[in-house]
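Trainee: coords below, sequence missing:
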């Protein structure tokens with residue numbers, strides 16, 4: 001359990017996320033457990049991690065933030081505002097995790 005938690009907190013690797021999803025399915029969380037695990041925090045936006053990662057990757061390839069947001073919104077078929085919220089959520093979570101270390 002501790003290894004899984006450490007891996008989830010230290011990587012954005014899809015294989016690790018899949019491993020976590022498999023583990024959660026196997027233990028069969030009862031109804032309401034997801035809310036308890038979030039400790040009352042709201043649910044994350046749909047595809048927030050993939051969206052945030054794509055914006056970051058496009059920026060490292062030289063795109064401006066606005067250009068990366070536009071391209072990502074088009075790729076995922078969602079609005080620019082949704083992409084901006086996902087990036088904001090990612091930044092807040094990253095900042096929180098950074099502060100805890």
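Mentor: Ah, there it is. Everything numeric in this text was worked out from a predicted model, so none of it was measured. Residues are numbered from 1 along each chain as shown.

Trainee: in this protein, which spans are helices?
Mentor: 2-10, 14-27, 33-37, 48-60, 65-76, 80-100 (DSSP state H).

Trainee: can you tell me how far residue 59 sits from residue 18?
Mentor: Per Cβ to Cβ, to the nearest Å, residue 59 is found 26 Å from residue 18. Every residue, glycine included, has its C-beta placed from N, CA and C.

Trainee: these two: who's more crowded?
Mentor: Taking other Cβ atoms under 10 Å, residue 59 and residue 18 do not tie; residue 59 has more neighbours (15 against 10).

Trainee: wait, doesn't that one sit right on residue 69?
Mentor: No - applying Cβ atoms under 8 Å, one finds residue 59 not in contact with residue 69, separated by 9.6 Å.

Trainee: mean pLDDT for the helices of the chain - can I get that in CSV?
Mentor: Formatted as CSV, the helices of the chain follow (pLDDT from 0 to 100):
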stretch, mean pLDDT
helix 2-10, 63
helix 14-27, 71
helix 33-37, 56
helix 48-60, 90
helix 65-76, 94
helix 80-100, 79
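
Trainee: residues touching residue 86, list them.
Mentor: The contact partners of residue 86, by Cβ atoms under 8 Å, 6 or more residues apart in numbering, come to 45, 47-48, 51-52, 55.

Trainee: just residue 58 next, same as before
Mentor: Contacts of residue 58 (Cβ under 8 Å, 6+ apart): 67-68, 71-72.

Trainee: these, buried ones only, as a PyMOL selection?
Mentor: Of the contacts of residue 58, the buried ones go into a single PyMOL selection, burial set by 16 or more other Cβ atoms under 10 Å:
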select buried, resi 68+72
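
Trainee: residue 87 - how many residues pack around it?
Mentor: 22.

Trainee: go ahead and confirm it touches residue 55.
Mentor: Yes - judged on Cβ under 8 Å, residue 87 makes contact with residue 55 at a distance of 5.3 Å.
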